[in-house]
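# Predicted model and sequence follow; I will ask about them next.
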Amino acid sequence: MPVAEPIYLDNNATAPLRAEAVAAIHQAMGPPANPSSVHGFGRRARLLVENARQSLGLLIGCRAQDVVFTSGGTEANNLALSSFSHVITSAIEHDSVLRAAPQASLLPVTNDGLVDLAALKQMVVALPADQRDKTIVSVMAANNETGVIQPLAGIIEVARNAGLATHSDMVQLLGKTHLDMPTLGLDFASFSAHKIGGPTGVGALAVRPGMRLTSLLRGGGQEQGRRSGTENVLGITGFGAAANAALSDVAHFCDMAGWRDAFEAEIGALRPDVALFGAAAPRLGNTSCLAFGGKSSETLVMALDIAGVAVSAGSACSSGKLTASHVLTAMGAGEKAAQAIRISGGWQTRKEDFERLAQVLAGL
Amino acid sequence: MVSTPTSQPITFAPRACNSLGFAKTEAETRVVVAMSGGVDSSVTAALLHQQGYEVIGITLQLYDHGIAAQAGGTCCAGVDIHDARTVAARLGIPHYVLDYESRFHEQVMQDFADSYLRGETPIPCVRCNQTVKFSDLLTTARELGADCLATGHYVQRFDTATGPVLHRGVDASKDQSYFLFATTADQLDYLRFPLGGLSKEETRDLAHRHGLSVADKLDSQDICFVPNGRYADVVRRLRPGAVEAGDIVHLDGTVLGRHNGIIDYTIGQRRGLGIGGRKDADEADGPLYVVGIDPKTHKVIVGPQNALACVHVHLGDTSWMARDWAPMPGCAVLARLRNTAPAMPAIIESLDNEGAVIRLQEPQFGIAAGQAAAIYDANDSQHLLGGGWITAAPLAALAG
C-alpha cells in the first residue's frame, strides 16, 4: 500500500489542469455562449475566445489572428498536412502525423534521437521540381518520448531554400521555452492545451500570414473559414488561461532540467546498466527516457504504479496495451526499446518528486 | 458527512494463515488476478478484494482481436478486455493489459496449426495455461512482488504436509482440472483458485451481489482465437499452402473419395465426410467414421465404429505435479481422455524420460492424438496427479 500521495510524472501524456484554467472556465461557464451570435451573450462569448487567442499568440509569438483553434493537437496536425499531396516527415513523429500521411517519406534519426539533416537534404534534392509546391516538410519540435529537441532551424532552412512548405508539431515544446513564430519561419505549427495545464479537447494551429488552409470540416465557416464548427468556448477559455500562466512559468522547466539531471546521475551511479535515451542531444528539461535493470517496460510501469509513481512507456493504445516504442526503435535501441520508461514532469512537479522517484526505483 | 462502510477499518483476531494460506494479514498479501473479462475471473478479483487482499488485475491481450472481432462469447476478444477494465475500475483495483500477442502467436497459435497439419486434434487452451499464463504471466506476477497468482478456474488447491495438491472443482459440470494437467509443482505452489469450491450458479450470484456488469455474460465456448468454431480457416491462414488435398480411404484399402485437407477431419468424426456409401459393406458395418489420419500421404482413413476402439494410449511430454507420488510401471490410475468424458481405470504400462504408455481397462473410442490425458489418483478420482499429451492411440483392431 502506498503511504505517501501518489506522484504524477507522466505530464507528456497530459498535465493536471492549472488553477488559473479552472478559475477561468468556472467563471465562463453557464450563460449561452455562441461567439457567432449577434446578441450580447454572443459578444461575451466572442470576447472570451478572442482573449484566449491573444494569450496563446503571446506564448507562441505570433499575431492573434494567425491562431486557428481546433479540437486538439491531432486535428491541428491533420489540418496542416491535409492540403499537401506529399509529406516529408520523421520516423519519430506522433501517430497523428504518421497516420495522417501514410505515404510520407520518412527521415531517419541518429542514435541520439535527432532527425538526420543530411538525409533531408538528399530527399529534397531528389524531389522533382513540379512536386515542390505540393510538398510539406513536417518535423516535431521536441519528441514526446525522449524530449529530444529537433534541429528545426536547419530543417526549415533546407526546406524553404527548396521552396517547400513547413510544419512542426510543437505540442511538447509549448510552455517550455519562449517561441517566436516569425523568427522560426514555419508555415504551420500545432499546439495542444492539455499538455500545458489546459483542458483536453482543445488545440490550435498557428498559420503563417498568407498561407492558405482548407477546412477539414465543412460547415459554418468559423475561424475565418479555416475550421468550421461552433468554437469550444469553455475549452478555449481554459487554454487561454493556461497559456497566460505558462508564459510566466518557463523558468520552472529550466530548473527542472537540473532536478532531472541529478536524478539521472543518481540512478546511473546506483545501476551502471541504466540506458538513457537521447541524453547526448539537447532535451526538454522535464523528460527522461531510460531503461533500467533489464525489466520490461510494462513490468516497470506496473511496479511503479503500484508503488505510487505514475510514469509511462511507449504509447498506450485505447485498450491500455503497451506497444514497443517506434521512436526508440528508430533510434536503434534494439531490445532496449521494450525496456524503456518515460518520466515527464509538469508545471506542478517539484524537485522532491524526482528524488522520490529515484528512491522508489532503487527499491524495486 | 455520510460515513461509508470503508471509513471504519474492521480488524480481525490474529490467526495462523489467511484464506490464501499466508501467515500475514490480507492487506499485506499481494495477489495478481488473471482477469479475462469473464464472470469467473471477475468474481475471483471481487472476492479477494472484498476479503481485504491487495489485488492487482492483469489482462492479457493475446491476439489482434480486430481479426476475430465478431466473436463476443470467447475468452479474450476486445470487448473482454474492456469488460475486465470496467470491473477493475468499479472495484477500485489497479489493472493492467499486457501485450502477449507475439508470445501467444509463437507458443499457442503456431503449435495449434502445426498440430492439425500433423493429423492431430490439439487443445490450445492447455498450451496457453502451460506457457502464456502459468509461465510468462506467473513470472510477471513474481516481478511485481505478488505472493501468488489467482485465476478463476474451477479446481481446488489444498495444502498438505507434502505440499499443495490439485483436486477437481466441486461443480463437476464446470471442473477444469483436465485443462490444468500440465501444471508443475512449482507453479502450483504459487497458484490459487478461489472458485474451486463454488458452483457456477453461486459464482453468478456473487457477481450479481457485487454488482459486476459481467454477471450475466455468456460462458466462453469456442477457442478464443477461432471465431465461429471454424478452426480450419485459421489453420489455412496461419499456414498458407501447407494444406493439401488427398484420398479418403477405407480400412480395407478401397478409395472412397477425395478431401481438401486432413485438417478438416478429426478422429471419430462421422458427419460431413463427403463420401458416397458403399451399399453392401456399409449396411453390414453401420456408418463410417474417421479412424485414422496420415499426414505423410494426406490420407483420411475411415472404417466402422468398432475399428475406433483403443486400448493403449501413448503419452508424450508427461508432467507430474504430485510431490508424494511418482508413476511406476504397473501402477493403477484413472485417465480422463476428454474434458467431458469420465476418468477411466487404466494401468501405466511403461515409462521413459519423455512419456508413458497407458493401458485402458475398457477400450475407448475416438481417441485423437494431440488431445490430453489427465491422470487422477486411482484411490481418489478427484485428485489430479498430472498427465501427458496423446501422441498415438493405436487402433486395437489393427494391433497384433
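Arrived safely. Residues are numbered from 1 along each chain as shown, chains lettered A, B, ... in the order given.
# For the one residue in the stretch 101-250 of chain B that gets nearest to chain A, which non-adjacent residue is spatially closest?
Ranked by Cβ to the nearest Cβ, the top residue of the stretch 101-250 of chain B for proximity to chain A is B:Glu143, at 5.0 Å. Any C-beta I mention is one placed from the backbone N, CA and C, and that applies to glycine too. Distances taken as Cβ to Cβ, 6 or more residues apart in numbering or on different chains place A:Thr299 nearest to B:Glu143, at 5.0 Å, with adjacent residues excluded.
# OK, contacts around the one you found?
B:Thr140, B:Glu143, B:Leu144 (Cβ atoms under 8 Å, 6 or more residues apart in numbering or on different chains).
# That one should be in a helix, yeah?
Yes - under DSSP: H, G, I helix; E, B strand; the rest coil, A:Thr299 sits within a helix.
# how far away is it from A:Gly293?
Distance, A:Thr299 to A:Gly293, using Cβ to Cβ, to the nearest Å: 10 Å.
# interface residues of the stretch 151-300 of chain A facing chain B?
A:Lys295, A:Glu298, A:Thr299 (Cβ under 8 Å from any Cβ of the partner chain).
# For the residue of the stretch 101-250 of chain B closest to chain A, grab phi and psi.
Phi and psi for B:Glu143, reported as degrees, to the nearest 10, are phi -60, psi -30.
# what's the neighbour count on it?
16 (other Cβ atoms under 10 Å in any protein chain shown).
# Strands of the stretch 51-200 of chain A, start to end?
A:67-70, A:86-90, A:105-107, A:135-138, A:165-169, A:188-192 (DSSP state E, counting those that start in this stretch).
# Can you say which of those strands is packed in most?
strand A:188-192 (a mean of 29; mean count of other Cβ atoms under 10 Å in any protein chain shown).
# Quick one: list the elements packing against that one.
In terms of contacts (3 or more Cβ pairs under 8 Å, 6 or more residues apart in numbering or on different chains; DSSP states H and E), strand A:188-192 is packed against helix A:40-60, helix A:73-81, strand A:165-169, strand A:203-207.
# Give the helix, strand or coil label for B:Val290.
Applying three-state DSSP to B:Val290 yields a three-state assignment of strand.
# circling back to that earlier point, list just the nearest of the contacts of A:Thr299 to B:Pro327.
For the contacts of A:Thr299, the minimum distance to B:Pro327 (Cβ to Cβ) is 32.0 Å, reached by B:Thr140.
# Pull the number of nearby residues for the closest one.
Counted with other Cβ under 10 Å, residues neighbouring B:Thr140 total 22.
# Kindly report the same for A:Met123.
As a burial measure, A:Met123 scores 18 neighbours (other Cβ under 10 Å).
# Local confidence estimate at B:Val214?
B:Val214 carries a pLDDT score of 91 in this model.
# Out of the helices and strands packed on strand A:188-192, the one nearest A:Asn111 is which?
Closest of these to A:Asn111 is strand A:165-169, at 21.9 Å (criterion: Cβ to Cβ).
# Can you work out which other helices and strands pack against the closest one?
Counting by 3+ Cβ pairs under 8 Å, 6+ apart, strand A:165-169 packs on helix A:73-81, strand A:135-138, helix A:152-161, strand A:188-192.
# now that strand: how far from the chain's centre is it?
Its chain's C-alpha centre and that of strand A:165-169 lie 13 Å apart, by Cα atoms, centre = their mean, to the nearest Å.
# do stretch A:73-87 as well
Put simply, stretch A:73-87 sits 15 Å off its chain's centre (Cα atoms, centre = their mean).
# And it, what's buried?
Across stretch A:73-87, burial judged by 16 or more other Cβ atoms under 10 Å in any protein chain shown covers A:Gly73, A:Thr74, A:Glu75, A:Ala76, A:Asn77, A:Asn78, A:Leu79, A:Ala80, A:Leu81, A:Phe84, A:His86, A:Val87.
# what comes into contact with that stretch?
By Cβ under 8 Å, 6+ apart, stretch A:73-87 touches A:68, A:70, A:94, A:96-97, A:100-101, A:103-105, A:131, A:134-138, A:165, A:167, A:169, A:171, A:188, A:190-192, A:195, A:203-205, A:212-216, A:226-227.
# count of neighbours near A:Gln131?
Using other Cβ under 10 Å, A:Gln131 is surrounded by 12 other residues.
# The helices and strands packed on strand A:188-192 into JSON lines, with extra columns for mean pLDDT?
Converted to JSON lines, these look like this (pLDDT from 0 to 100):
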{"stretch": "helix A:40-60", "mean pLDDT": "97"}
{"stretch": "helix A:73-81", "mean pLDDT": "97"}
{"stretch": "strand A:165-169", "mean pLDDT": "98"}
{"stretch": "strand A:203-207", "mean pLDDT": "98"}
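# Against chain B, how distant is the spatially closest residue to A:Val97 that is not a sequence neighbour?
Residue nearest to A:Val97 in three dimensions, not counting chain neighbours: A:Asn77, with 5.1 Å by Cβ to Cβ, 6+ apart. According to Cβ to the nearest Cβ, to the nearest Å, A:Asn77 stands 24 Å off from chain B.
# Would you enumerate the residues in contact with A:Ala24?
A:Ala24 touches A:Thr237, A:Gly238, A:Gly240, A:Ala241, counting by Cβ under 8 Å, 6+ apart.
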